[in-house]
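Enquirer: For reference, the sequence and a predicted model appear below.
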There are 2 protein chains.
Amino acid sequence: MQELEALFNPKSVAIVGASHHEGKIGHTVVKNIISSGYKGKIYPINPKGGEILGLKVYRSIEEVDNVDIALIVVPAHIAVEIIEDVAKKAKFAIVITSGFSEVGNIEGEKKLVENARKHGMRVLGPNVFGIYSAKAPINATFGPEKIRKGNIAVVSQSGALGIAMIGRVAEENIGLSAIVSIGNKADLTEVEILSYLFKDDLTKVIFLYIEGLENGREFLNIAKKKPKEKSIIVLKAGRSKAGARAVASHTGSLAGSDAIFDAAFRQAGILRAESLEDGLNWVTTIASSPPPKGKNVVIVTNGGGLGVIAADACEKYGLHLFNDMEVLRKTFQDVMPEFGSYKNPIDITGQAGGEEYRQALEKAFSEDSIHAILALYCERGDAELEEIRDAMAEVHKKYGNKPALYTIFGGEGATHIIQSLKKQGIPAFSDVEDAVSALYALYKVHEKKEEEKFEEVEMNEEKIRKIIEEAYKERRHRLLSHEAKEILLSAGLDVPPFYFVKSIEEAIDSANKIGYPVAMKVVSEGIIHKTDVGGVVLNIENEREVAEAYEAIMENCKRNVPKARIRGVEISKMLEKGVETIIGATTDISFGKVVMFGLGGIYVEVMKDVSFRVAPVPKKEIRRMIREIESYPLLEGVRGEKRKDIEGIVDSIYKVGMLVSKFEEISELDINPLIVYEKGVKVVDARMSIKVRK
Amino acid sequence: MQELEALFNPKSVAIVGASHHEGKIGHTVVKNIISSGYKGKIYPINPKGGEILGLKVYRSIEEVDNVDIALIVVPAHIAVEIIEDVAKKAKFAIVITSGFSEVGNIEGEKKLVENARKHGMRVLGPNVFGIYSAKAPINATFGPEKIRKGNIAVVSQSGALGIAMIGRVAEENIGLSAIVSIGNKADLTEVEILSYLFKDDLTKVIFLYIEGLENGREFLNIAKKKPKEKSIIVLKAGRSKAGARAVASHTGSLAGSDAIFDAAFRQAGILRAESLEDGLNWVTTIASSPPPKGKNVVIVTNGGGLGVIAADACEKYGLHLFNDMEVLRKTFQDVMPEFGSYKNPIDITGQAGGEEYRQALEKAFSEDSIHAILALYCERGDAELEEIRDAMAEVHKKYGNKPALYTIFGGEGATHIIQSLKKQGIPAFSDVEDAVSALYALYKVHEKKEEEKFEEVEMNEEKIRKIIEEAYKERRHRLLSHEAKEILLSAGLDVPPFYFVKSIEEAIDSANKIGYPVAMKVVSEGIIHKTDVGGVVLNIENEREVAEAYEAIMENCKRNVPKARIRGVEISKMLEKGVETIIGATTDISFGKVVMFGLGGIYVEVMKDVSFRVAPVPKKEIRRMIREIESYPLLEGVRGEKRKDIEGIVDSIYKVGMLVSKFEEISELDINPLIVYEKGVKVVDARMSIKVRK
């Protein structure tokens, strides 16, 4: 991977298309670079020459020395024309110019990148608003002039949103280490940007806005390498329609769905924000707060109502309200007024002023078994707001040993106080739900991530490969049932005895070997709904019934599907009842192989109760994946039933994940059902498809 | 119901406990009344006499004329002492004083109200911050001095939150028609306040903050009388723990739960906000927007990213994005720049300035098939913000024929623009999700509410009463199975033939009448888990088996539960399989009789998939109630199965609702299961309890 140092800390920059006219992008960019205090060389380029903002203008890129970055602001067709010349001089081109693939000009974009890469130049964009980097420092964007330095990096796929975000973070007093617009991602993508930011000392929190990922797998791999002291918050737009659960009845139809993004982010240790507002609140709080050392949250409030609302929100977000009454009483007894309440939320009553808040907060910060503080204040008629603010700010700064988030509910005065706290780097909110949500995010990003461990699975790879090759040879992309089962068996799954037979004699012989009762079903790539055409017979008890069933199946299928090529019959053990589950695997356009789990029948089809992971999945993660489904209690045993063999499911999903990862050719797979008993799991039926070989 | 006119539009007001010292509540109240421009008489009362803010101070209440309201700001014990004297002079006492039931002083509060009511005076509070009414106008609170007049009424149970809310609504430029603090609700409750506000011309939207309702049924009845041009938004705090679904396995345990509040609000046509922020956003939008004439929402944006986020949010909130490409193209073709997009969200591109916004919005307002507009603007580096604002504001005011909500995403400039739009009464937001949520609320409050229709149900009331009285006579509060069934049968439900028998001969005789197969189970109030003790035999095919079963049941029960009084055996028809559902009824502490519906077995127990309504429930509402459960598709028929008899369920729930409403004594009822077939539903098992008679 190429080092992006020169992109974020360039020693020299050329502006191809610099403009003499104020208000033009080619002018704004030069102005912003200058006023950001950039120390390197600046080469404005314009065929007209002259001067821009006191800088000498060069007539062409040929006239200038080699540069670290070249900003391209000329129209699209010219950009394509000159890119080779630029590439000879620059390490990076930041192509601000739009009019490429986003409007269908795919050819132009392809040429642009090809010509750049020919000479080793990398391209950011096209269709971007530029880059800001606190390291240089350089503001090479056509956005706002002033950008506050800080420890948050913003990476945005959307230009307009990115520019607006610069303004917004300034308004929110959020300091930035970098802001990068990645636009059409024709060359550089979030993958390389992330890998740079991971090594960047200035960056503590990364806020990512993306709409889609073409290289999801690469993204996932790099994201997993995130240093643990850094956090990533992602806002992934484009959920609409894609909602996986709506179409969960068939694994294959879930490709590219939003649920898979959810799963992938979770696996990568990336926290996904539901809204822009949440995302911005979260990054600010994470950037300015220490990690919590335990789960005990304490709410301090002057208004019962706001306290109740906060408590509701804490429950909603799964935060733990500390409720050891003895410790709470001991902690707050010296500062609690008459009519106050020790029950968390701690209500220091409407009488509480600055001094009371100071004391209560001191106590909360000092008590070790309190790990995070939510301090709430309802504005009163009289003006004590500044005292309150000073108490909060002073105590917050004095300790700083645990997360503390502040909510001031009220009018204009409250707004000013919030702004003032924010300016001091203290997380403050006007809405208590926002504060609780931010605290949730803080907990979430600091959850311990265990290392991913994969044990080798013994597979009969040779046999699996042989079956796949056989199918390719016969130009079949849907494996026959017994082939799919054979592969699963070779991958180590528990598949009860089955035989593929071609005559009544073979059938009887096999049935005797398996032991009764047995099930028989037709094997034919032309028959999908086997039961509907009379191709399945269950509960066969003896040799006579085997013979009858064989004949019946043959007759029914020939009559009902005369054109189908009937290959024979699969004969297998009839199994006892158990909990029916489904394990699926499919190929997602962003992330490649993914696995799915759900309970059989209506749970998947009606309740859309499934969970996903990108394959392969370590066992710990599989356990979480299984617990995620709503019907999980059924596996734990309800109504006096015993716990089912959940580890058996874990093992099966694990093996399926390894199988589809090892055999790139397997594009889809469905074990439906996998019957789960108190002890053991059994594959009853399986389908498998292999991808079209080009 | 007493007319509250004198409370909201008082001609005279006394302040009992008026203070000479600035900063004291007794001073602030006088100051606020004066500066609110109150035109009536003001009588400050303080034993010291003198003057306060230029007003003559009276030494006692005896010295003043009769007044409409008396504000009480003296300490609690004095308030109780003097309340009778006050009651002789005033129509209403607003008891600001705290230290009553909220801190356990229930006796004092009781006395306070009793002594007030003795002389016909009504009490608001105690423990309130006062009242503001735009009609008078009067600001008789100790909150902020200046309150903006408008069409929103706020009713708050929490004092601190209420005061802070005055500040907040001012900051949000929300005008108020009234703000009422109801505090401990010792006398006046939200019920009477609502009934006044329904008739108040100034009030369009009511924002209610409550933590609990003791008189839920009354509340519901008054809320249902809401004039259709007014809207109620409620923020009900205290969800935590109460979450119904966590304990849904048994109907009775769900009493007082949050899910019932949800159901009650829905039935009353009240919209429940999840957070304070949402609530405030919603009321502002509803107060300032016309009702939408149809479902078609159009998003106009200058940034693709923000458009996508808005579209995601619309889907989440169930808003319909207009997608008739022909109309959209026709509407926007004259104003669409190169590279713009007609696909909703309409992207007028990053180039769009004030003029482009003006034109696009004009088109959107003019096209009749567009019913609501979400206009989004991402701040750009260059300063076009004021042009954008002017375009938005001018077009908005020019048309005003449909809801239009604005989101400006960006920095400080954006914040100013939003404030400026709000000042002009235009709903504007910094977060696009907030805007979409507010539009959702606007649609929701304007949904047509059909009238509640109840048809009479034919019931054998005499028989029902007789069974209940029989149980009371025997001091039983749990009815026997056959009694419960008898009552349901008498209420018109479909209960298959059953007999209560006391000998083998009777059993055989009954079984022959019913027809085989039959089921038999022990009847004994001492045996709850009948199956566990061998008290149930199913699938009985003939007389011999009846006799055997009878003997086995008697023997098992006597052996296993020797102390139980065995009354006999219930014998009933064995039913064919169908979809098992549960209908329950219970007594909620707030709302009284409520009914519950869910699918049987694990759906209720594991998936907590149930819905509630306050009884009785009109049939249309029952249909919604049934559709609400997640497993509803099972009733519609999945996997090729036919639709089940949903109207049969509707009818059963309806009758259960009527039954428990008519017979106050029935405190709990469970039909589990009610088997539902393609045609018909059957009550299989029932339990019923009657309340303890005092």
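Expert: Received the coordinates, thanks. Given the structure is predicted, the values throughout are model-derived calculations rather than measurements.
Enquirer: which ones are touching residue A:80?
Expert: A:108, A:111, A:112, A:115 (CB atoms under 8 Å, 6 or more residues apart in numbering or on different chains). C-beta coordinates here come from the backbone N, C-alpha and C atoms, glycine included.
Enquirer: okay, the residue of the stretch 351-500 of chain A found nearest chain B: pLDDT?
Expert: Chain B sits closest to residue A:411 of the stretch 351-500 of chain A, with a gap of 2.7 Å, by CB to the nearest CB. We have a pLDDT of 84 for residue A:411.
Enquirer: pretty sure it is touching residue B:145, no?
Expert: No - Residue A:411 is beyond contact range of residue B:145, at 11.4 Å (criterion: CB atoms under 8 Å).
Enquirer: Between the two, tell me which one has more neighbours.
Expert: With neighbours defined as other CB atoms under 10 Å in any protein chain shown, residue A:411 and residue B:145 compare such that residue A:411 has more, 23 against 14.
Enquirer: Let me know the closest of the contacts of residue A:80 to residue A:236.
Expert: Checking these against residue A:236 by CB to CB gives residue A:112 as the nearest, at 26.9 Å.
Enquirer: and the gap between that closest one and chain B?
Expert: 17 Å (CB to the nearest CB, to the nearest Å).
Enquirer: Spit out the contact partners of that residue.
Expert: Neighbours of residue A:112 in contact, by CB under 8 Å, 6+ apart: A:79, A:80, A:83, A:95, A:100, A:123, A:126, A:186.
Enquirer: Which pLDDT value goes with it?
Expert: pLDDT, residue A:112: 97.
Enquirer: Next SSE downstream of the helix or strand hosting it?
Expert: Using DSSP states H and E, residue A:112 sits within helix A:106-118. The helix or strand immediately downstream of helix A:106-118 is strand A:122-124, counting by DSSP H and E.
Enquirer: what packs against that next one?
Expert: Strand A:122-124 sits against strand A:90-95, helix A:106-118, with contacts defined as 3 or more CB pairs under 8 Å, 6 or more residues apart in numbering or on different chains; DSSP states H and E.
Enquirer: Go through those and name the closest to residue B:584.
Expert: The nearest among the helices and strands packed on strand A:122-124, by CB to CB, is helix A:106-118 at 60.6 Å.
Enquirer: Could you export that closest one as CSV, CA atoms only?
Expert: Coordinates of each C-alpha in helix A:106-118 appear next as CSV, following Å, rounded to 0.1, in the frame of the first residue of the first chain:
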residue,chain,number,x,y,z
ILE,A,106,-17.6,6.3,-16.9
GLU,A,107,-15.2,6.3,-19.8
GLY,A,108,-13.7,9.7,-18.9
GLU,A,109,-13.2,8.6,-15.4
LYS,A,110,-11.5,5.4,-16.4
LYS,A,111,-9.2,7.3,-18.8
LEU,A,112,-8.4,9.9,-16.1
VAL,A,113,-7.2,7.3,-13.6
GLU,A,114,-5.4,5.2,-16.2
ASN,A,115,-3.4,8.1,-17.4
ALA,A,116,-2.6,9.1,-13.9
ARG,A,117,-1.5,5.7,-12.8
LYS,A,118,0.6,5.3,-15.9
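Enquirer: now the angle between strand A:90-95 and it, please.
Expert: Interaxial angle, helix A:106-118 versus strand A:90-95 (axes from the mean of the first three to the mean of the last three CA atoms, to 10 degrees): 160 degrees.
Enquirer: Buried ones in helix A:106-118, by neighbour count?
Expert: Within helix A:106-118, the residues that count as buried by 16 or more other CB atoms under 10 Å in any protein chain shown are A:108, A:109, A:111, A:112, A:113, A:115, A:116.
Enquirer: Stretch A:531-541 now?
Expert: Those would be A:533, A:534, A:535, A:536, A:537, A:540, for stretch A:531-541 by 16+ other CB under 10 Å.
Enquirer: try stretch A:295-311
Expert: A:296-311.
Enquirer: if we can go back for a sec, tell me which two in the contacts of residue A:80 are the farthest apart.
Expert: Put simply, by CB to CB the two of the contacts of residue A:80 set farthest apart are A:108 and A:115, 10.7 Å from each other.
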